[in-house]
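# Build me a model:
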Amino acid sequence: MKLLLGDCLEKLKDLEDNSVDAVLTDPPYGISFMGKEWDKFNEVVSPQGAFENKKGFKKLPRNKPNGMIEFFLPVWKECLRVLKPGGWLMVMSSP
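Numbers count the residues shown, from 1 in each chain. The predicted structure is shown next:
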């Protein structure tokens, strides 16, 4: 097993096509979990608890109906590219 830590779009680009058996992710929900700034989708801020405190974290604008699609589409495309045929993707989410 290999665990990668970092910005997923950067790390996924380093992987070969059809090279991953499974992807497990718990992306931000945009619900301001525990009052953390990195989980508010309004603007760019310091992550305050995300994987690296030195990087800013792109936030989703709540006022855009397609905000989640715009934010996650590049990520899901990269996941699909690296997944082997028959591989699986598990995404945790919140209602």
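
# what comes up buried for the lengthiest strand in the chain?
Across the chain, the strand with the greatest residue count (assigned by DSSP state E) is strand 83-91. Using 16 or more other CB atoms under 10 Å as the test for burial, strand 83-91 gives Leu83. Any C-beta I mention is one placed from the backbone N, CA and C, and that applies to glycine too.

# List the strands paired with it, with their directions.
strand 20-25 (parallel) (DSSP bridges).

# hang on, the earlier thing: put the alpha carbons of the longest strand of the chain into PDB.
Extracted in PDB, the C-alpha atoms of strand 83-91 (Å, rounded to 0.1, in the frame of the first residue of the first chain):
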ATOM      1  CA  LEU A  83      -8.000   3.900 -11.500                       C
ATOM      2  CA  LYS A  84      -7.500   0.400 -12.900                       C
ATOM      3  CA  PRO A  85     -10.500  -1.100 -14.800                       C
ATOM      4  CA  GLY A  86     -12.700  -2.500 -12.000                       C
ATOM      5  CA  GLY A  87     -11.100  -0.200  -9.400                       C
ATOM      6  CA  TRP A  88     -13.300   1.600  -7.000                       C
ATOM      7  CA  LEU A  89     -13.700   5.100  -5.500                       C
ATOM      8  CA  MET A  90     -15.100   5.700  -2.000                       C
ATOM      9  CA  VAL A  91     -16.100   9.200  -1.200                       C
END
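
# Beta-bridge partners for Leu83, please?
Beta bridges link Leu83 to Val20 when assigned by DSSP bridges.

# pLDDT weak spots in the protein?
Applying pLDDT under 70 to the chain flags residues 30-33, 36-65, 67-68, 95.

# Just the helices from it, written as ranges.
8-13, 67-82 (DSSP state H).

# related to what we said a few turns ago, quick one, the longest strand of the chain and helix 67-82 angle?
Inter-element angle recorded for strand 83-91 and helix 67-82: 150 degrees (by axes from the mean of the first three to the mean of the last three CA atoms, to 10 degrees).

# ok, and what's touching strand 83-91?
18-27, 76, 79 (CB atoms under 8 Å, 6 or more residues apart in numbering).

# Recalculate using a threshold of 10 Å.
By CB atoms under 10 Å, 6 or more residues apart in numbering, the surrounding residues in contact with strand 83-91 are 15, 17-27, 72, 75-76, 79-80.
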